[in-house]
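Undergrad: Whatever this is, show me its structure:
(2 chains)
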Amino acid sequence: MSAPDPSTPRSSSSSIRDRLSKAIADAVAVVAGDQGLDLVVDPSTVHLERPARREHGDWSTNIAMVTAKRAATNPRALASAVVDVLEHPLPDHVVGIELAGPGFINFRLDAGWLHEALAAVLTLGEDGYARPDIGHGEKVQVEFISANPTGPIHVGNGWWGSYGDALARILARSGHKVSREYYVNDTGGQIRTLGTSLLARTRGEDIPEGGYQGQYVTDLAAIYDGPHDVTAAGRWAADRILERIRATLASVGIVFDEWYSQASIEESGAVDETIALLDAKGLVYEQDGATWFRSEQLGDVRDRVLRKADGDATYLAGDLAYHRDKFLIRGFDRVIDVFGADHHGQVASLKAGVEALGVDPDRLEVKLGQMVSLVDGDETVKMGKRAGTAIDLDTVVADIGPDATRILSLMSSLDQAATFDLATVREQSADNPVFYVQMASARIGGVGRKAAERGIVRAPLTDVDLGLLTHPRELEVLRCLEELPEVVADAAIDRAPTKVTTWVRKLASCFHGFYHDCPILADDVDPAVTQARLWLVEASRIGLAIGLGLLGVSAPEAM
RNA sequence: GCCCCUGUAGCUCAGCGGAUAGAGCGUCGGCCUCCGGAGCCGAAAGCGCAGGUUCGAGUCCUGCCAGGGGCACCA
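TA: As a prediction, the model looks like this:
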């Protein structure tokens, strides 16, 4: 998966993983030849992992177990033969190979491979390290939030928005051409309802049944001086609300490339064109005065209305025109829509429509964010949107800050209907998961300040012996940093920003352990060791900056 | 009834099909003449139930139980 990296230093021109994979595949080939086994293994398919338990070595492969059956032999015998071949000569950095358990082949390495990894982090730096090219320039659009501009966005939208934005960052770092988009529902019945609500307030009347009750409507009414036309008033209010949404999102670091107007699609005639396109394929019929889409033929549970009896296009019709635009006009290779789970019902018809338009429905991924609930100590924070008691994202950001909001929302997976306790993240709280990570960042900044104070300057990397880093705590930091490129790749492939969150917390943990046990600038530390440790600190800074950057969380130099 | 998601430690959540399942909070017990103790170290405590696939299942499949969310000519 990972391509050879030309900038990895020293004799080797590829990662330790690639070198081990190749050695293993070669050894299997030798054994197969010797024993007349029908067994060819491609190095890229060799499964290598870092065992959880250190006594199982630094790297391990299950190659014998997965191929034994194919070769009609038993795993331990095959593994044993492979080990014999692998042992002369031992691959780079390998100091021991053991056969273990049901047929694992475990490799013990000297610390040199970790020093190599450290040099790679430092050479490539914040911009270049952990940039796995798994996208190969694939053009992907991430559409997320897209909340109706009929009121301030609520915490759930913020949570799923963090996901969408972090996913976009991860995809961009892993070789995809990414565009972030917000679909603005600025037309239809709800905008008229918004207009009706606004106009009622301007006249000092109560909001009619089913209207928008929030205080923001009253506030807007106070400054509205436009025509008493429902649609005009609704659009005007939606524009104002959208501005507020934009500001709220910007406050947590979410910025869109495109705000796509639903009204613009309808006015462009694209909806009619799309319906005509479906009609030409025999997928449209009239019934009860409405225009229907034969979506049931394409996997939906039933047919759907595209144009209502009153002549208005349905949301689905607009959405199909919109997705036609994404795929067939703008040419995205892949579209990822992030919706709340309450929009689950739309997925089948949307997929059916995309397929009907001649687009492979697998190119459309719909990620559903499960419902989020907040708790404040013992108090349950109400989240009901209907009741008008939903908590605004603004409120939470004002309470716990943008960094806490983002990292908190990226700690659990999108599929998890998670509950979060605001009390544990609040500034006053002594123990919370957010500052733990930022504390590592601040300590790194502190080392720099202290070094400057004492007139200690970091020597050029080429003059520093990284081999002096042998303390277990130091090596744990290096192991963690070495994993980052794969973490980024896995997070991109699995669409799982939470993997980055988990990694960042692990790095912070390793760093705190190192910092606690390994003095960097103390008087009794060998200056050569100080130099090596300063570079380890710098590599940690790079790792944290990359990881937190992908999450949209700041890496403060001081707190 | 049908569809989607989820059941992992007292609580909130992590866990590429790998060998003895992790973290934070909470509980109990250690570490501050030392670069930021918002830290470090240790202890007790867990995969809803039943089958299946696999050399190997918390992870994949099926059924059951429990919780959440959907099943509009609303968006």
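Undergrad: Please enumerate residues in contact with stretch A:414-427?
TA: Residues outside stretch A:414-427 that contact it (CB atoms under 8 Å, 6 or more residues apart in numbering) are A:160, A:163, A:338, A:341, A:367-377, A:381, A:396, A:399-401, A:404, A:408-409, A:412, A:429, A:431-434, A:498. In short, each C-beta sits where N, CA and C put it, glycine included.
Undergrad: what about that stretch, distance to the chain center?
TA: Distance of stretch A:414-427 from the chain centroid (CA atoms, centre = their mean, to the nearest Å) equals 18 Å.
Undergrad: repeat for stretch A:530-540
TA: The answer for stretch A:530-540 is 28 Å, by CA atoms, centre = their mean.
Undergrad: go on, stretch A:54-68?
TA: The answer for stretch A:54-68 is 30 Å, by CA atoms, centre = their mean.
Undergrad: How about that stretch and RNA strand B, touching?
TA: Yes. Using CB under 7 Å from any atom of the strand, stretch A:54-68 comes into contact with RNA strand B via A:55-57, A:60, A:62, A:65-66.
Undergrad: Got a quick ChimeraX command for the buried subset of the residues you listed?
TA: To isolate the buried ones among the residues of stretch A:54-68 next to RNA strand B in ChimeraX, judged by 16 or more other CB atoms under 10 Å, type:
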select /A:56,57,60,62,65
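Undergrad: Would you state the predicted confidence (pLDDT) at residue A:89?
TA: With respect to pLDDT, residue A:89 scores 91.
Undergrad: Can you get me the start-to-end distance on stretch A:357-372?
TA: Length of stretch A:357-372, first residue to last, CA to CA, to the nearest Å: 34 Å.
Undergrad: Stretch A:179-192 now?
TA: End-to-end for stretch A:179-192, by CA to CA: 31 Å.
Undergrad: model confidence over that stretch, on average?
TA: On average, stretch A:179-192 scores 94.
Undergrad: which residues in the stretch 51-200 of chain A form strands?
TA: A:59-61, A:94-100, A:104-109, A:138-144, A:176-184 (DSSP state E, counting those that start in this stretch).
Undergrad: interface residues of the stretch 51-200 of chain A facing RNA strand B?
TA: Checking the stretch 51-200 of chain A against RNA strand B by CB under 7 Å from any atom of the strand, the hits are A:51-53, A:55-57, A:60, A:62, A:65-66, A:69, A:75, A:100-104, A:106, A:148, A:185, A:188-190.
Undergrad: just for the stretch 201-350 of chain A, where's the confidence low?
TA: Counting by pLDDT under 70, the stretch 201-350 of chain A shows no low-confidence range.
Undergrad: so what's residue A:373 bridging to?
TA: residue A:419 (DSSP bridges).
Undergrad: mind checking how far it is from residue A:285?
TA: From residue A:373 over to residue A:285 the distance is 43 Å, taken as CB to CB, to the nearest Å.
Undergrad: For the two, indicate the residue with more neighbours.
TA: Here residue A:373 and residue A:285 are set side by side on neighbour count (other CB atoms under 10 Å), and the busier one is residue A:373, at 15 against 12.
Undergrad: who touches stretch A:153-161?
TA: A:144-145, A:147, A:245, A:248-249, A:252, A:254, A:338-340, A:369, A:371-372, A:374, A:383, A:385, A:390-393, A:396-397, A:405, A:409, A:414.
Undergrad: Buried subset of those residues as a PyMOL selection?
TA: Applying 16+ other CB under 10 Å to the contacts of stretch A:153-161, the buried members can be selected in PyMOL as follows:
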select buried, chain A and resi 144+145+147+245+248+249+252+254+338+339+340+369+372+374+383+390+391+392+393+396+397+405+409+414
